[in-house]
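A.B. asks: I need the structure of the sequence given here:
(chains A, B and C)
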Amino acid sequence: MFDNIISGFSSILAIGPILGIIAGVIIGIIFGAIPGISAIMAIAIILPMTFYVDPIIGITMLLAVYKAGIYGGSISAILINTPGAAASFLTAQDGHALTKAGKAGKALDMSLFASVTGEMLATLVLILVAAPISLISLQAGPIEKVFLLLFAFTVIGSMAGESLPRGLLSCCLGMLFAMVGMSTITGAARFTFGYTELMGGFTFTPMLIGILVMPEVFNVIKRRLVPHHEMTITHSPNPADNRISFKEFRSVFSTILKSSGIGTFVGALPGLGSSTAAFIAYGEAKRTAKKPEEYGKGSVEGIAAAESANNAVCGSSMIPMLTLSIPGDDVAALLMGAFLIHGLTPGPMIFFEHTETIYAIFAGFLITDLFLLVIARSGFKFFVKMASLRRYYIFPCVTVFAFTGAFTAGQNMDDILVLIAFTVMGYGMRLVGLNPAVFIIGFILTPFLEQNLDQAMSIVGTDYYLFFASPFSWVFIALSVFFVFSSMRVRRKTSNTSAQVEDKTA
Amino acid sequence: MDRRKIDVVLSTFLIIVSLIILTNDNLVEGGAESDLGSMFLPRVVAGLIILFSATIAIQSLLKLSKGTKIEGLELISTDGFSGILIYIGIFIVYWLAVPYVGFLVATPFIMIAVAILLGGRNWVPIIAMSVITPVLIDYGSKEFLRVYLPTWAF
Amino acid sequence: MKSSKKVLATLTAALAVTLASGAALAEYPDKPINVIVPWGAGGDSDLTTRIWADAVEKELGVPVVVINKTGGGGIVGTSFVARAKKDGYTLINAGLSNMLITPNFSKTPYNFDSFTPIVKMTSVPLAVVVAKDSPYKTFDEFVAGAKSTRVTQGSWGATSSGTIQANIIAEQMGYKVKYVHAKGAADSMVSVVGGHIDSAVSFPPAFGPHVKADRARALVMNQKMDAFPGVPTFADYGVKGSFEGWSGVFAPKGVPQEVVDKLNAATAKAMKDPKVLAAYQNIGAIVDYRHGSEWVNDMKVTYGIMKEAAAKVKK
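C.D. replies: Predicted coordinates:
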């Protein structure tokens, strides 16, 4: 096995693959950082270009785009509070709070180090224990996934902003909006009121930009008469505020380890994706934190938890794909298409039939992390400079990017109307204390819940006891109960100090 | 503005909507049978919405009836709302104009309008930015994304 | 004198022809062609269309752009193309489900007659698949099992092509199954291999890797394939009809014949390119290049069968 890895390194350390990785990382960071253009779009666009190169170059390049794209989402999240990817909205909460306090450098450093560490760890897991892990994930059928999703909903509910009813109401509204359109299960049209345009439901990208990004523009406009220097990105004169010291890194390292573990696990279970991983890891870190009241208001630990978990998913979603030919999320599905087009059929046989190629790809995976670290680090100064331009330069551009982002997703002018409607709604939600991020996660998870619940019902038929026959179910029920109780205790502990400012970031 | 009053109005509205979802069968059409039924999950969610909305409304009503003083988050500041309305107006004009005059023509005007709204008066850089940005985006999306933004339709 | 008049006349005529052709018949295609895929990026239909687009792009000399307009079980993208300009610059990735099945269930603003079929590129035969350690070794045993006990079968939606075709098969063989609807054929296979459901209807791109890795077994397929030797066909068991998913390209009804001819010619060349054929083989699809009236008539017959089958399960 080790000689395989070494030979993998020797075939990846050539001009072609390295250039591919560098190009992939740069493209990924840029695409990821622009709100509205996600990693999956970048991969879909680059995919045909890789048809004509060697699979080692083509696939490592696509994987580099994927990893850098997920990371890139955190840059705009931290600097201008506009998450470039759905998975980074938690980073936006803590990261942007730090930016406001003049510690943008610290936030950027933390998110980069956490991302790279999370990815590295997940990649090592992928290389070393792919096969056994994939067997466990296969044991999780629809019934088990229902409980896992219920657990995810519990986590959301328990950490949902200002007050429990308001957080849960935000989640329910997200669920309701997710059910507009044609049900994939029954083929029935729900809440469409006869409009064909609504059959497909609300397009995700414009909705995401509208709910999470545009209200920030509203906030700036609302305060447009406040002089510029009060709102610009300040640069703390103390250099220690703009980097992460080794001591700080060590103090959050256990959080990173735990969050990477959560991310790796969630990623290995097909169909949950990086947003779920980030949410669970963040909730868990907050629950066990020494200062949970800092979360959402500029906690370095919070950034570390969210970023390491969502990046760990990149590595581990390859596990079910490569070993069982089951893509873990939509990006993995697209990558699986890339493998197939290159003539590599994912499955256990791939390790025997294409040993050299697959280990070269693994080696490329690890090397990508190093390049990501170096390339992103050297771009920080530039990113910060961009973000500290005067607001009448930045926000006209944000407006246009929001417009094009919403348009390019489906190339449909109706999506712009969706963008406008959800912008107003997202701002309104902030005003009345509803949490937009929780709304989005409710929206994302509902289709999974409904699909798995329906499958579980079909499988158990009238033998309802089967719902509780698997140890998985009990583990997740126990976890949910534990989470509710312990977060209630944390809430009570911190309610005195933080109730009044808790919602500032939502 | 007093958020507690908005809470009551909004909760009442959500409860009415949820009651419609719970009782009206015409919200779903077509399709075939499945175990869960198309309206199962929507109705569960509607029930939960009634529960949470009612909680929020009752809390706010109690505070209102006791005449508790408005505190912290319950006060919604309405300063600068006119700017937001203008911005929404600009965006709607943008949406209406692009299919007819095209992305490259509409965007500079929209960018200048937003810049003026935010107090920008440095005309030369603002106009330069407003012309260059859309050209770059149009070129980039054509070459790299293979997305062809709307063009002049006459 | 005479000759100069002749020259003038010739020139005028030539000019007239040039003007006429320039104004009315700008050579198709002279700008990018959009192909709408009503499904997500990375799926079978998407990959099939991307391979096609890439190949005909080289023949036509203009960009052939694949756009994913997803949602509503394919209705969103398909209606968009049905309403698009009939100039041949907006095409749709057509398949069994969005063209022949969905219009029978939902109030779609289009039906099969709203389009002009251009080409069919590939097809994938439907199969009934069980896990490796399943008690059902043959389709006969499966049928007997489904008649006597409760057997679950993975599919992807009560109105999906998988369920409708599986219903037709089950009715002819006289058995009943309990459908378990996953997100797609690939997700269904996960449940089969994990032992959560008893069987699934599936297509080679979804079950192929599992069968090759000896985790699953195909009991019966629509047609013989070299990749899966020894698997009998539905016809062997006396099931009438053809059960397959396919992928093709349609244009909105009323496009100029020139468009249809040009695209056909380009596809014909592309379908001889060994690289294209290899790409299709790699994604597990059978190249089934068809066009013309015989093909359209076959589809009309299938449309009738699907309409009848849909009426039986419709609410």
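A.B. asks: tell me the first helix or strand C-terminal of the helix or strand of chain B with the lowest mean pLDDT.
C.D. replies: The weakest-scoring helix or strand in chain B, judged by mean pLDDT, DSSP states H and E, is strand B:28-29 (a mean of 81). Per DSSP states H and E, the first helix or strand lying C-terminal to strand B:28-29 is helix B:40-66.
A.B. asks: is that following helix positioned near chain A?
C.D. replies: Yes: using CB under 8 Å from any CB of the partner chain, we find that helix B:40-66 touches chain A at B:41, B:42, B:45, B:46, B:48, B:49, B:52, B:53, B:55, B:56, B:59. Every residue, glycine included, has its C-beta placed from N, CA and C.
A.B. asks: rebuild those as a markdown table, extending it with neighbour count.
C.D. replies: Below are the residues of helix B:40-66 next to chain A laid out as a markdown table (neighbours: other CB atoms under 10 Å in any protein chain shown):
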| residue | neighbour count |
| --- | --- |
| B:41 | 23 |
| B:42 | 25 |
| B:45 | 22 |
| B:46 | 23 |
| B:48 | 17 |
| B:49 | 25 |
| B:52 | 21 |
| B:53 | 25 |
| B:55 | 17 |
| B:56 | 22 |
| B:59 | 16 |
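A.B. asks: domain map for chain B?
C.D. replies: Following automatic domain parsing, one gets these domains for chain B: B:3-74, B:81-145.
A.B. asks: if you average pLDDT over each of these, which is lowest?
C.D. replies: With a mean of 86, domain B:3-74 has the lowest mean pLDDT of these.
A.B. asks: once you drop chain neighbours, what's closest to residue 192?
C.D. replies: Picked chain A for this. Sequence neighbours aside, residue A:198 is the residue nearest to residue A:192 in space, at 4.1 Å (criterion: CB to CB, 6 or more residues apart in numbering or on different chains).
A.B. asks: please refer instead to chain C.
C.D. replies: residue C:200 (4.8 Å).
A.B. asks: model confidence for the one you found, exactly?
C.D. replies: Note for residue C:200: predicted pLDDT of 95.
A.B. asks: so who does the most centrally placed residue in chain B touch?
C.D. replies: Geometric centre of chain B, nearest residue: residue B:88, 9.4 Å, by CA atoms, centre = their mean. Listed by CB atoms under 8 Å, 6 or more residues apart in numbering or on different chains, the contact partners of residue B:88 are A:420, A:423, A:424.
A.B. asks: what is the nearest of these to chain C?
C.D. replies: residue A:420 (19.3 Å; CB to the nearest CB).
A.B. asks: so that closest one is in which element?
C.D. replies: helix A:414-431.
A.B. asks: same for that helix, what does it pack against?
C.D. replies: Here helix A:414-431 touches helix A:204-208, helix A:214-222, helix A:391-410, helix A:436-460, helix B:81-101, going by 3 or more CB pairs under 8 Å, 6 or more residues apart in numbering or on different chains; DSSP states H and E.
A.B. asks: residue C:64 is nearest to which of those helices?
C.D. replies: Proximity to residue C:64 (CB to CB) singles out helix A:391-410 among the helices and strands packed on helix A:414-431, at 17.8 Å.
A.B. asks: tilt between that closest one and helix B:81-101?
C.D. replies: If you take axes from the mean of the first three to the mean of the last three CA atoms, to 10 degrees, helix A:391-410 sits at 50 degrees to helix B:81-101.
A.B. asks: any part of helix A:391-410 near chain B?
C.D. replies: Yes: for helix A:391-410 and chain B, the contact criterion (CB under 8 Å from any CB) is met by A:391-393, A:395-397, A:399-401, A:403-404, A:407-408.
A.B. asks: quick one: classify the residue of the stretch 51-200 of chain C found nearest chain B as helix, strand or coil.
C.D. replies: Closest approach between the stretch 51-200 of chain C and chain B, counting by CB to the nearest CB: residue C:158, at 3.9 Å. What DSSP: H, G, I helix; E, B strand; the rest coil gives for residue C:158 is coil.
A.B. asks: OK, contacts around the closest residue to residue C:302 other than its chain neighbours?
C.D. replies: Residue nearest to residue C:302 in three dimensions, not counting chain neighbours: residue C:100, with 5.7 Å by CB to CB, 6+ apart. Counting by CB under 8 Å, 6+ apart, residue C:100 touches C:112, C:299, C:302, C:303, C:306.
A.B. asks: and residue C:251, by the same measure?
C.D. replies: C:81, C:86, C:88, C:90, C:91, C:92, C:115, C:116, C:118, C:259, C:260, C:263.
A.B. asks: list the neighbouring strands of the helix or strand that contains it plus their orientation.
C.D. replies: Element membership for residue C:251 (DSSP H and E) is strand C:244-252. Here strand C:244-252 is paired, per DSSP bridges, with strand C:90-95 (antiparallel), strand C:115-125 (antiparallel).
A.B. asks: who touches the residue most central in space within chain A in this structure?
C.D. replies: With distances taken as CA atoms, centre = their mean, residue A:87 lies nearest the centre of chain A, 2.1 Å away. Listed by CB under 8 Å, 6+ apart, the contact partners of residue A:87 are A:70, A:73, A:273, A:274, A:275, A:277, A:278, A:306, A:310, A:313.
A.B. asks: so how far is residue C:105 from whichever residue of the stretch 201-315 of chain C sits closest to chain B?
C.D. replies: Nearest residue of the stretch 201-315 of chain C to chain B: residue C:313, at 4.5 Å (CB to the nearest CB). Residue C:313 is 9 Å from residue C:105, where distance means CB to CB, to the nearest Å.
A.B. asks: who has more neighbours out of the two?
C.D. replies: Legend: neighbour count by other CB atoms under 10 Å in any protein chain shown for residue C:313 and residue C:105, higher for residue C:105 (27 against 16).
A.B. asks: over to that one: give its phi and psi.
C.D. replies: phi -110, psi -40 (degrees, to the nearest 10).
A.B. asks: same deal with the one 5 residues further on?
C.D. replies: Per-residue torsions, residue C:110: phi -150, psi 160 (degrees, to the nearest 10).
A.B. asks: is it correct that it is in contact with residue C:98?
C.D. replies: No: counting by CB atoms under 8 Å, residue C:110 sits too far from residue C:98 to count as a contact (9.2 Å).
A.B. asks: of the helices and strands packed on helix A:414-431, which is nearest residue B:111?
C.D. replies: Nearest to residue B:111, of the helices and strands packed on helix A:414-431 and by CB to CB, is helix A:391-410 at 3.8 Å.
A.B. asks: before we move on, the earlier item: neighbour count winner among residue C:110 and residue C:98?
C.D. replies: Using other CB under 10 Å, the more surrounded residue of residue C:110 and residue C:98 is residue C:98, with 27 against 22.
A.B. asks: so which bits of the stretch 401-506 of chain A are right by chain C?
C.D. replies: Counting by CB under 8 Å from any CB, the residues of the stretch 401-506 of chain A that sit close to chain C are A:410, A:411, A:412, A:451, A:454, A:455, A:458, A:459, A:461.
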